[in-house]
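*Asks:* Sequence plus the predicted model coming up.
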Amino acid sequence: MTQNNRMADEERSLQRFDELFGNLDKESDRGCVLVAAAILDNYLEMLLRARFSQDATVVKRIINPLFKGQGPLASFWSKTQLAYSLNLIPKWMYEDLERIRELRNKFAHRYKAVDFEDPAVIRLTEKLKGANYGVRSLRASSNAPKHRQSAHTSPSAARIVPKKERVRFILTVSYIAGRMDVWVYG
């Protein structure tokens, strides 16, 4: 891969990061986790489909049913397992996706409100490695995300300090989605 291709890949990843970070940041805690998991589930499917046959008949008759209803690749868990077993994602990403799936289940399957201050949620988010990669990627780039550049330009704007673990979660999701975007679309 040439230096220009790497720079283009990094730029695409940073654009995806900025878009996702800004959109997820606007959601409630529950919405943030559920939307993030849905985005990553979609990227896992695209990543797997990119490795399968592209023949229209095969896609229609064999591949599409794998991802629908009770198909073996209909769940976030099964897509994560297959992507890792095929070496499509690295170990740290597999582990983060498993933690994100656990978080999604905590937020989706409880009647009681759950947020990023919940001790069980914190235990999972503290282990997310993708946030560290995302921060390194941002530091390596001379372009800070647009929403960060203009977030507090007004002196009278009330400063809202986001929850640390929420930011860690969003950084992780944004970085993983950005990487998958590059892998799927090159």
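*Replies:* Now that the structure is in, tell me what you want to look at.
*Asks:* Off-centre distance for stretch 29-36?
*Replies:* The offset between the C-alpha centroid of stretch 29-36 and the centroid of the whole chain comes to 11 Å, using CA atoms, centre = their mean, to the nearest Å.
*Asks:* pLDDT of it, averaged?
*Replies:* In this model, stretch 29-36 has an average pLDDT of 94.
*Asks:* residues making contact with it?
*Replies:* Contacts of stretch 29-36 from elsewhere in the structure, counted by CB atoms under 8 Å, 6 or more residues apart in numbering, are 20, 23-25, 27, 100, 103-104, 106-108, 113-116, 163, 166, 169-170, 173. All C-beta spots, glycine's among them, are computed from the backbone N, C-alpha and C.
*Asks:* The helix or strand harbouring residue 165 - contacts with which helices or strands?
*Replies:* Residue 165 is part of helix 164-185, with elements assigned from DSSP states H and E. With contacts taken as 3 or more CB pairs under 8 Å, 6 or more residues apart in numbering; DSSP states H and E, helix 164-185 sits against helix 3-25, helix 29-51, helix 91-108, helix 119-125, helix 130-140.
*Asks:* Those helices: which one's closest to residue 186?
*Replies:* Nearest of these to residue 186, taken as CB to CB: helix 3-25 at 7.8 Å.
*Asks:* and the gap between residue 129 and residue 49?
*Replies:* If you measure residue 129 against residue 49 using CB to CB, to the nearest Å, the figure is 26 Å.
*Asks:* what's the neighbour count on residue 97?
*Replies:* Using other CB atoms under 10 Å, residue 97 has 27 other residues around it.
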